[in-house]
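Enquirer: I'll drop the sequence and a predicted model, then ask my questions.
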Amino acid sequence: MAPLTQTFVVIAISLFLTIPSNNAFDYSLSPSSLPIQTLKTPQVDISSENVPSFVKASMVGTMSKTKEFIQNVIEKRLAIAAKFDHFHKDCLETCKEVYEEAIDSMKKATQDVKQENFYKANVDISAMYSFIETCHDCVVETKEDDPAFQRFQKWAQGIASDCLDKVSKEFYKD
């Protein structure tokens, strides 16, 4: 990897990971105490030759935030699952499982773009998107308006969409 690309990746990941979690969104368990905020995504305009760097930086940061969401929201709610009915508890367990699988897909996508296998990266990023959507569907079916899950889902799928757009352009370019 060229020194300039390595520098870009380090800066992009550093900027992405320095967004304090409490500024990104509130992890409190009470939906009524959640302010309406959105997670902030660094806006990086890069050319197509830097798609692997963009996807790697995006996936590394999203993996970190997803692990944090599992720990700070899902696991904390599972710890007090006695106050939930079995459907809500099953939904939380499903979300934890599919978010962990989304992290695996993000790892694979990072490896795929490093090898410039944009077809496989497209498949893996699409899988990540699908896993995030599976949790969203579960939360919607509980008939709860859960702002923490809504914001996270919208943010993570926005990242996936940006990466899919760049990867598919690379795959289909002549």
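Expert: Looks like it arrived, so ask away.

Enquirer: Identify, by residue count, the longest helix of the chain.
Expert: With secondary structure taken from DSSP state H, the chain has its longest helix at helix 86-114.

Enquirer: Can you find the helix or strand in this structure with the smallest mean pLDDT?
Expert: Sorting the helices and strands of the chain by mean pLDDT, DSSP states H and E puts helix 21-24 at the bottom, at a mean of 41.

Enquirer: Need the phi and psi values for the residue nearest to the spatial centre of the chain.
Expert: With distances taken as Cα atoms, centre = their mean, Ala156 lies nearest the centre of the chain, 3.6 Å away. Torsion angles at Ala156 (phi, psi; degrees, to the nearest 10) stand at phi -60, psi -40.

Enquirer: The closest residue to it other than its chain neighbours: which element?
Expert: With sequence-adjacent residues excluded and distances taken as Cβ to Cβ, 6 or more residues apart in numbering, Ala156 is closest to Ile132, at 4.9 Å. C-beta here means a position set from N, CA and C on the backbone, and glycine is covered the same way. Assigned by DSSP states H and E, Ile132 falls within helix 118-141.

Enquirer: try Gly158
Expert: helix 147-172.

Enquirer: Go through that helix and flag the buried ones.
Expert: 147-153, 155-157, 159-160, 162-164, 166-168, 170 (16 or more other Cβ atoms under 10 Å).
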